[in-house]
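J.: no sequence on hand, only this structure:
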């Protein structure tokens, strides 16, 4: 009697031997289940050769174990049967949600990283820090820190299937404080970022109301002061009878665009000591902005994947149109020359280094938890390397495009006013609300172009804001999933209401000073550099750069090259550490234009900074104090990964067996022996 491997296994377990019917040309299949039809069929002995009751003349045929002679080594190949789906991973993804396709993720990355940080923040920081000098440091930080850390965050979020709050804590539990620090920064950022949206909505609504005129074209408005100079009219209506034509702008005068920003939009006071009254128009647009943000994200980021297609592409149509007009204005060349010419004296100031380096983090949305949140919605085997490079290059190109438009307009304004480009306006957060309204005055159909431009700013502002709010919501929900995921919609609504209320002081007449203080101390600068430094060393040094590279290979099928390895382990943390120390040694207090802040305002600013920075050392001490065991045991436990996601259990994409689950691998391994061929080795014929 000849038994194949299935019957051998059953006979060893049950002690029984299956019998086969007489006349059957092939082996009869067991009743317990079908056998592999690709295996060579074995004939059974006829039934009359088996042992019959009461017949002592016949002996039972001995059981023979032998290999199938027809299989030759050259004819054998490994067959990996498709395994059953990993239901634990699928359940996690279904509960959390995933992007519908690969392009949704790419455009989400572009839309979250390409936003007001490029169009609003980059130009005014570049203008503030000497143009070319800022660009030089910006590109150094881009290749040393920006692109590598961007990739690191997206890959970690995709590998762990979690947002920024718990990302570092799962890899290095003792540094869970990095996640809390990141969410604190995002909390401050979400509060004041919607203020920019409120300013933009104010411009958009007032432009529509005043069609076909633009309210900032002349000085003949109730909000204008005697210092307003438009260079168009012979008589300034607020200057009480001045008849002469002002061909040269006085040193203390302002353009109608500047006065519209300062007097009409902000109603700005003389300093932080006087917050003045409420700007009711801004309060209304702030409320409208938060309602819009909530309506977009109420189902979660993955449900708004189609929205980001429009918000990521539409701004480029507007920006390119404005670019063609801006570079053809008189005096634009002087502005562009300042844009690309380094001011070497700025190279030795700490403020220029901290502004340039942190602008990379701000523009790329690094250190905000948004990138891990986006990565967590990816499929596990998605190749995020390509998306990283595309997004970073698009982001930088957008910054350069916005800078070209802005500096061309500044050159034109300087030409009209007869002043140097460096002195044409006060550099501040309102620079974009001065330069771009100026250029639409030069376009035919200026009102229509103003509407299109401010609609673009609203689009990219809300686009970035809802991604940042989503990162905060995702981080908190991932911390308490059982409690918060069932009520995610209500939780998101409550959080938006809280953020709205905390932003109300910034729509008072002195609110711009609070805005600048929060931007400098709370949501950028030192806090974001501090968090990114500890995040990088926790992944690159403690978790291990080689181990992390292996995780990337497991997902993408490719091992990261030396550029990524060296940047993660040495260059990125080194550059961030040097800039941090340099800035601390040469710290300079923040100003709003030329207005200095009182000492108590700086104290409030430091409190905002420490509110995020303190989480990292504070939580590490808390961990060591509350964890049981010796100091050595606590430390070892604190640096040992505690990964909760089922994603990391999947096989590597670089392996031919990446679709084979663990149970299939164990079955193949246990069935083979030196006596019988493995049933997964089959004849190619």
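T.: Nice, thanks for sending it over. Since the structure is predicted, the reported quantities are computational estimates derived from the model, not experimental observations.

J.: and for residue 532, the neighbour number?
T.: 27 (other Cβ atoms under 10 Å). No exception for glycine: its C-beta is placed from N, CA and C like everyone else's.

J.: just the element for it, please.
T.: With the criterion set as DSSP states H and E, the secondary-structure element containing residue 532 is helix 526-537.

J.: distance of residue 439 from residue 222?
T.: Residue 439 sits 25 Å away from residue 222, taking Cβ to Cβ, to the nearest Å as the criterion.

J.: the more surrounded of the two?
T.: The residue with the greater number of neighbours, taking residue 439 and residue 222 and applying other Cβ under 10 Å, is residue 439; the counts read 25 against 8.

J.: distance of the more buried one from residue 528?
T.: When distances are taken as Cβ to Cβ, residue 439 and residue 528 turn out to be 31 Å apart.

J.: check residue 472 too.
T.: Distance of residue 472 to residue 528, computed by Cβ to Cβ: 15 Å.

J.: and the following helix or strand past the helix holding residue 532, what's buried?
T.: Under the assignment DSSP H and E, the closest C-terminal helix or strand after helix 526-537 is helix 545-556. Applying a neighbour-count criterion of 16 or more other Cβ atoms under 10 Å, the buried positions in helix 545-556 are 545, 548, 549, 551, 552, 553, 554, 555, 556.

J.: nearest to residue 295, of the residues you listed?
T.: residue 555 (33.5 Å; Cβ to Cβ).

J.: got a list of what that closest one touches?
T.: If a contact means Cβ atoms under 8 Å, 6 or more residues apart in numbering, then residue 555 has 155, 158, 159, 380, 381, 382, 383, 384, 653 as its contacts.

J.: how about the contacts made by the fourth one?
T.: When you say that, I think you mean residue 380. For residue 380, the contacting residues are 89, 158, 159, 161, 555, 647, 650, by Cβ under 8 Å, 6+ apart.

J.: top of the residues you listed by number of neighbours, please.
T.: Neighbours here are counted as other Cβ under 10 Å. On that basis the top member of these is residue 158, with 28 neighbours.

J.: any idea how far residue 133 lies from residue 146?
T.: Between residue 133 and residue 146 the distance is 18 Å, computed by Cβ to Cβ.

J.: comparing the two, which residue is more hemmed in?
T.: Neighbours were counted for residue 133 and for residue 146 using other Cβ under 10 Å; residue 146 has more, 26 against 22.

J.: looking at it, that one is touching residue 360, isn't it?
T.: Yes - counting by Cβ atoms under 8 Å, residue 146 touches residue 360, with 4.0 Å between them.

J.: ok, which stretches of the stretch 451-600 of the chain are helices?
T.: The residue ranges that make up the helices of the stretch 451-600 of the chain, judged by DSSP state H, counting those that start in this stretch, are 481-484, 488-503, 511-517, 526-537, 545-556, 562-566, 572-585, 599-613.

J.: so which of the ones you listed comes closest to residue 462?
T.: Distances from residue 462 to each of the helices of the stretch 451-600 of the chain were compared by Cβ to Cβ, and the smallest falls on helix 488-503, at 12.4 Å.

J.: report all helices and strands that the closest one contacts.
T.: helix 177-209, helix 280-297, helix 446-479 (3 or more Cβ pairs under 8 Å, 6 or more residues apart in numbering; DSSP states H and E).

J.: looking at those, which has the lowest confidence?
T.: When the helices and strands packed on helix 488-503 are compared on mean pLDDT, helix 446-479 scores lowest, with a mean of 83.

J.: which parts of that one are buried?
T.: Of the residues in helix 446-479, those scored as buried under the neighbour-count criterion (16+ other Cβ under 10 Å) are 446-447, 449-479.

J.: okay, which residue is most central for the protein?
T.: Residue closest to the mean C-alpha point of the chain, counted by Cα atoms, centre = their mean, is residue 371 at 2.2 Å.

J.: ok, that residue - contacts?
T.: Residue 371 makes contacts with 109, 112, 113, 150, 153, 154, 157, 164, 364, 365, as judged by Cβ under 8 Å, 6+ apart.

J.: kindly report the same for residue 221.
T.: The contact partners of residue 221, by Cβ under 8 Å, 6+ apart, come to 215, 256, 260, 264.

J.: and the second one, how far from residue 230?
T.: With the distance defined as Cβ to Cβ, residue 256 ends up 5 Å from residue 230.

J.: who has more neighbours out of these two?
T.: Just comparing residue 256 and residue 230: by other Cβ under 10 Å the higher neighbour count belongs to residue 256, 25 against 20.

J.: looking at it, the more buried one is touching residue 217, isn't it?
T.: Yes - here residue 256 reaches residue 217: they are 6.3 Å apart, a contact under Cβ under 8 Å.

J.: overlap in contacts, those two.
T.: residue 230.

J.: distance of the closest residue in space to residue 604 that isn't next to it in sequence relative to residue 506?
T.: Taking Cβ to Cβ, 6 or more residues apart in numbering, and ignoring the residues beside it in sequence, residue 604 has residue 517 as its nearest neighbour in space, at 6.9 Å. When Cβ to Cβ is the yardstick, residue 517 and residue 506 sit 10 Å from each other.

J.: tell me which of the two has more neighbours.
T.: Set side by side, residue 517 and residue 506 show unequal neighbour counts under other Cβ under 10 Å, the larger going to residue 506 at 24 against 21.

J.: hmm, the more buried one is touching residue 195, no?
T.: Yes - applying Cβ under 8 Å as the test, residue 506 and residue 195 come out as touching, 4.9 Å apart.

J.: which residues are in contact with both of those two?
T.: Taking Cβ under 8 Å, 6+ apart as the contact rule, residue 506 and residue 195 both touch residue 515.

J.: about what we covered before: got JSON lines for the contacts of residue 380, with secondary structure, pLDDT and distance to residue 638 too?
T.: What follows is these, written out as JSON lines (DSSP: H, G, I helix; E, B strand; the rest coil; pLDDT from 0 to 100; distance: Cβ to Cβ, whole Å):
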{"residue": "89", "secondary structure": "helix", "pLDDT": "51", "distance to residue 638": "27"}
{"residue": "158", "secondary structure": "helix", "pLDDT": "89", "distance to residue 638": "25"}
{"residue": "159", "secondary structure": "helix", "pLDDT": "91", "distance to residue 638": "20"}
{"residue": "161", "secondary structure": "coil", "pLDDT": "84", "distance to residue 638": "22"}
{"residue": "555", "secondary structure": "helix", "pLDDT": "89", "distance to residue 638": "26"}
{"residue": "647", "secondary structure": "helix", "pLDDT": "71", "distance to residue 638": "23"}
{"residue": "650", "secondary structure": "coil", "pLDDT": "70", "distance to residue 638": "27"}
